[in-house]
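Asker: Show me the folded form of this:
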Amino acid sequence: MSNSDCEHPISEENRCLKCGEESVTARWRLEDIDEENADKFWSDVASLGGLGDIRAICEIAAEANDEYKDQIKENSDPKNPSLPKLSMVGTSLVRIPFKKLWKDVISVSYFLAKEKGYLGDLEMWEEFVADQQKVNS
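Answerer: Down below sits the predicted model:
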């Protein structure tokens with residue numbers, strides 16, 4: 001399906017979750033979902049189909065957070081945990097930035113999520129995983 005064929009069923013901050021385009025005409029806005037209409041929302045989402053395995057996608061995001069935390073622990077300087085430790089790369093001592101670790105984890109988890117039906121782009125995935133990290137901290 002091309003983005004122009006998308007009906008923009010669900011949006012967050014006026015951005016369609018299915019195709020990523022700007023959308024002010026979405027059937028559902030995540031910002032508006034509360035306890036009163038949550039059941040109607042989820043039954044409507046189930047009838048839409050094509051949004052992927054939401055539970056598996058969320059689990060992949062949680063696993064990506066856990067993997068990143070583990071890599072930070074492994075890559076932290078024991079004397080100053082806010083800095084990456086020195087590592088030998090070839091014949092040089094370098095510090096592999098935490099940001100590089102983040103990008104690596106995000107890239108791998110993005111492709112796993114795509115296999116489960118995730119429809120957003122890499123930038124949206126990175127935002128989603130970062131939001132999950134804030135929620136789970």
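
Asker: Now do the top helix by length along the chain: which elements does it pack against?
Answerer: Counting residues, the longest helix found in the chain (DSSP state H) is helix 54-75. Helix 54-75 sits against helix 98-115, helix 122-136, with contacts defined as 3 or more Cβ pairs under 8 Å, 6 or more residues apart in numbering; DSSP states H and E. In short, each C-beta sits where N, CA and C put it, glycine included.

Asker: That one vs helix 122-136, what angle?
Answerer: Interaxial angle, helix 54-75 versus helix 122-136 (axes from the mean of the first three to the mean of the last three Cα atoms, to 10 degrees): 80 degrees.

Asker: Show residues contacting helix 54-75.
Answerer: 45, 84-85, 87, 96, 98, 101-102, 105-106, 108-109, 112-113, 116-118, 128-129, 132-133, 136 (Cβ atoms under 8 Å, 6 or more residues apart in numbering).

Asker: Just give me the lowest mean pLDDT stretch among the helices and strands packed on helix 54-75.
Answerer: Lowest mean pLDDT within the helices and strands packed on helix 54-75: helix 122-136, at a mean of 82.

Asker: Buried residues, stretch 113-121. List them.
Answerer: Residues of stretch 113-121 classed as buried: 113-114, 118-120 (neighbour count, 16 or more other Cβ atoms under 10 Å).

Asker: That concludes my questions; thank you for your assistance.
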